[in-house]
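Enquirer: Kindly return the folded structure for what I paste below:
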Amino acid sequence: MSEDIPTPTDDLDVRRKRAAYRANYRGTKEMDWLMGKFAEARLSRMDDTELSDFERLLVLPDPDLHTWILDPSIVGDSELAPLIRAIHNFHGLSAKGLA
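Expert: Residues are numbered from 1 along each chain as shown. The predicted structure follows:
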């Protein structure tokens, strides 16, 4: 009977699975790859706060997010700037994304 009670870990696992799906099926191949590869490598280690930030990033429009990942300086001191820089660095992009 206690097996039916969801735990915070279960909720986190469900959120990670949803985030992984959303990261891999963005709508454009470029964003599917950029977000999907990052999610594949990092989601399992994200805590609740990091996952919440990633989920916020996933609802942003592809053109904006793509531009920000290629040039993280555009987002300035936004709350999501560290995550955007992490994605940028994960993919080994140059300072302006022109590599």
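
Enquirer: biggest helix in this protein, by residue count?
Expert: Of all segments of type helix in the chain, defined using DSSP state H, the longest is helix 8-24.

Enquirer: mean confidence for it?
Expert: Per-residue pLDDT over helix 8-24 has a mean of 90.

Enquirer: what's next to it, contact-wise?
Expert: With Cβ atoms under 8 Å, 6 or more residues apart in numbering as the test, helix 8-24 has contacts from 32, 35-36, 38-40, 43-44, 46, 48, 51, 54-55, 58. Yep, even glycine has a C-beta here, placed from its N, CA and C like the rest.

Enquirer: gap between it and the chain center?
Expert: Relative to its parent chain, helix 8-24 has a centroid offset of 11 Å by Cα atoms, centre = their mean, to the nearest Å.

Enquirer: after it comes which helix or strand?
Expert: helix 29-42 (DSSP states H and E).

Enquirer: Alpha carbons of that next one, in PDB - could you do that?
Expert: Taking Å, rounded to 0.1, in the frame of the first residue of the first chain, the C-alpha atoms of helix 29-42 are listed here in PDB:
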ATOM      1  CA  LYS A  29      17.000  19.500 -35.700                       C
ATOM      2  CA  GLU A  30      19.600  22.000 -34.400                       C
ATOM      3  CA  MET A  31      17.700  22.700 -31.200                       C
ATOM      4  CA  ASP A  32      16.800  19.000 -30.800                       C
ATOM      5  CA  TRP A  33      20.600  18.300 -30.900                       C
ATOM      6  CA  LEU A  34      21.800  21.200 -28.800                       C
ATOM      7  CA  MET A  35      19.200  20.700 -26.000                       C
ATOM      8  CA  GLY A  36      18.900  16.900 -26.300                       C
ATOM      9  CA  LYS A  37      22.600  16.100 -26.000                       C
ATOM     10  CA  PHE A  38      22.900  18.400 -23.000                       C
ATOM     11  CA  ALA A  39      19.900  16.900 -21.300                       C
ATOM     12  CA  GLU A  40      21.100  13.400 -22.000                       C
ATOM     13  CA  ALA A  41      24.400  14.200 -20.300                       C
ATOM     14  CA  ARG A  42      23.200  16.300 -17.400                       C
END
